[in-house]
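S.K.: Here is a sequence together with a model predicted from it:
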Amino acid sequence: MKDARMNDLVAEDLTVALGGRAVLARVGARFRAGQVTAIVGPNGAGKSTLLACLAGLRRPDAGQVRLDDGPILALPHRQRARRIGFLPQTPEVAWAVDVETLVGLGRTPHSGARGLSDADHAAVQAALVRTRMTSLARRDVTTLSGGERARALLARVLAGEPSWLLADEPLAGLDPGHQLDAVDLMRAFAAEPGQGVVMTLHDLGVALRLADRVLVLRDGALIADGPPLEALTPAVLERAYGVRTAIVSGAWGPLIELIGRVDG
Ligand SMILES: Nc1ncnc2c1ncn2[C@@H]1O[C@H](COP(=O)(O)OP(=O)(O)OP(=O)(O)O)[C@@H](O)[C@H]1O
């Protein structure tokens, strides 16, 4: 039987230095298929850099990322693109194409230079439905609002049917309804066999409610790693952000109440 841990994404002692400073310092973590993992931490903590390493888009100065029991950077580019769907923080849309064409580009790791097959078209339509973008399929992407564009780009990643969805601030710019849709989508994605989600988040409340596991980064080092209520404690949040917080009971579950700056 195939080892269930085969699909895990493993960061081993990742170290990245930029501008003479350690942006990641020996970060190690195993990201499990079947889980939604949130990476939180203050601005500049190294979250995007960690995600780029996990996606195989940045070569660390030391350490490595492993997938399928081998270094991710050793996978042929196309195979890596089939396994890892990456949603960057400030996605650019360079071409004036319609939404359906943009989403179809997500099939490139499968279709290559040939046109889209029936299976490719079906994956595109499914991604449009899941992101509620079907009614905008014919719209020129340059005319979309920021939130609509974010959903179109999420659809492009989903159309590629990756095993891993790595998303940098995927909820930024989405209204509350579409944030809930995106949260449901991430949870449903991670529930499929062999699939997992890693995302960076600034909203600690969402991390608490959405994630199975939370990693807290500060100055490039992991200072907490565990289930949300164990990782997002007032002591950890004080260390990470310099803020005082309290966990309070909301009508639907625990909430993080922001009290103020420690030195305020
Ligand atoms: N080319 C570069 N040269 C020097 N420093 C860099 C370079 N690129 C990034 N950095 C620094 O690396 C650090 C980590 O950046 P990163 O984008 O990973 O942080 P982040 O946690 O995602 O931040 P944010 O929450 O603001 O998006 C930051 O201090 C950033 O200024």
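M.R.: Looks like it arrived, so ask away.

S.K.: Quick check: residues of the stretch 1-150 of the chain near the ligand?
M.R.: Residues of the stretch 1-150 of the chain lying near the ligand by Cβ under 6 Å from any ligand atom: 18, 19, 23, 41, 43, 44, 45, 46, 47, 48, 49. All C-beta spots, glycine's among them, are computed from the backbone N, C-alpha and C.

S.K.: now those residues in CSV, with secondary structure?
M.R.: Formatted as CSV, these follow (DSSP: H, G, I helix; E, B strand; the rest coil):
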residue, secondary structure
18, strand
19, coil
23, strand
41, coil
43, coil
44, coil
45, coil
46, coil
47, helix
48, helix
49, helix
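
S.K.: mind putting those in JSON lines, pLDDT, distance to residue 191 and neighbour count included?
M.R.: Converted to JSON lines, these look like this (pLDDT from 0 to 100; distance: Cβ to Cβ, whole Å; neighbours: other Cβ atoms under 10 Å):
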{"residue": "18", "pLDDT": "92", "distance to residue 191": "36", "neighbour count": "13"}
{"residue": "19", "pLDDT": "89", "distance to residue 191": "40", "neighbour count": "5"}
{"residue": "23", "pLDDT": "96", "distance to residue 191": "33", "neighbour count": "21"}
{"residue": "41", "pLDDT": "97", "distance to residue 191": "26", "neighbour count": "24"}
{"residue": "43", "pLDDT": "95", "distance to residue 191": "31", "neighbour count": "7"}
{"residue": "44", "pLDDT": "95", "distance to residue 191": "33", "neighbour count": "14"}
{"residue": "45", "pLDDT": "97", "distance to residue 191": "29", "neighbour count": "23"}
{"residue": "46", "pLDDT": "97", "distance to residue 191": "29", "neighbour count": "26"}
{"residue": "47", "pLDDT": "97", "distance to residue 191": "24", "neighbour count": "26"}
{"residue": "48", "pLDDT": "96", "distance to residue 191": "26", "neighbour count": "18"}
{"residue": "49", "pLDDT": "97", "distance to residue 191": "28", "neighbour count": "20"}
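
S.K.: what packs against the helix or strand where residue 258 lies?
M.R.: Element membership of residue 258, judged by DSSP states H and E, is strand 253-261. Packing partners of strand 253-261 (3 or more Cβ pairs under 8 Å, 6 or more residues apart in numbering; DSSP states H and E): helix 204-210, strand 243-250.
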